[in-house]
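*Asks:* test case, fold it:
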Amino acid sequence: MIHIKTIKDDRGKVEIRVSLVDMGYVFEETVNVRYTVSVYVTPKGKRKNKGIDVSFCSPKEILDAKLELWNLLKPKI
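*Replies:* Okay, the predicted model is just below:
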């Protein structure tokens, strides 16, 4: 599953794509997963986006995208 968080600001349109990858094994009845993060930027006045280093975004922006994905996946009790 891929979650895309879009941020529009003075940098242009920034897309933070977070996906959850299953590691394929179970340890003590918990499933081990990891996040993969990729960042795409469309500068102002341009139409094509390009992949860029994750350090372009602040750690808070990346954490917010991960939390949004987790809130979509967590069970509703």
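
*Asks:* centre-most residue in this protein?
*Replies:* For the chain, the residue nearest the mean C-alpha position is V18 (2.5 Å; CA atoms, centre = their mean).

*Asks:* isn't I2 up against E15?
*Replies:* No - judged on CB atoms under 8 Å, I2 makes no contact with E15 at a distance of 10.6 Å. Quick note: C-beta positions are derived from backbone N, CA and C, even for glycine.

*Asks:* is T42 in a bridge, and if so with what?
*Replies:* The partner list for T42 in beta bridges (DSSP bridges) reads K13.

*Asks:* now it: how far from K5?
*Replies:* Taking CB to CB, to the nearest Å as the measure, T42 falls 14 Å from K5.

*Asks:* helices along the protein, start to end?
*Replies:* Read by DSSP state H, the chain holds these helices, from start to end of the chain: 59-73.

*Asks:* tell me which helix or strand of it sits lowest on mean pLDDT?
*Replies:* Confidence across the helices and strands of the chain bottoms out at strand 12-27, with a mean of 81, counting by mean pLDDT, DSSP states H and E.

*Asks:* distance-wise, check S38 relative to G45.
*Replies:* S38 is 23 Å from G45, where distance means CB to CB.

*Asks:* compare neighbour counts for these two and give me the winner.
*Replies:* When S38 and G45 are compared on other CB atoms under 10 Å, the one with more neighbours turns out to be S38, at 15 against 6.

*Asks:* surely that one and K5 touch.
*Replies:* No - shown here, S38 and K5 do not form a contact pair, counting by CB under 8 Å, at 11.6 Å.
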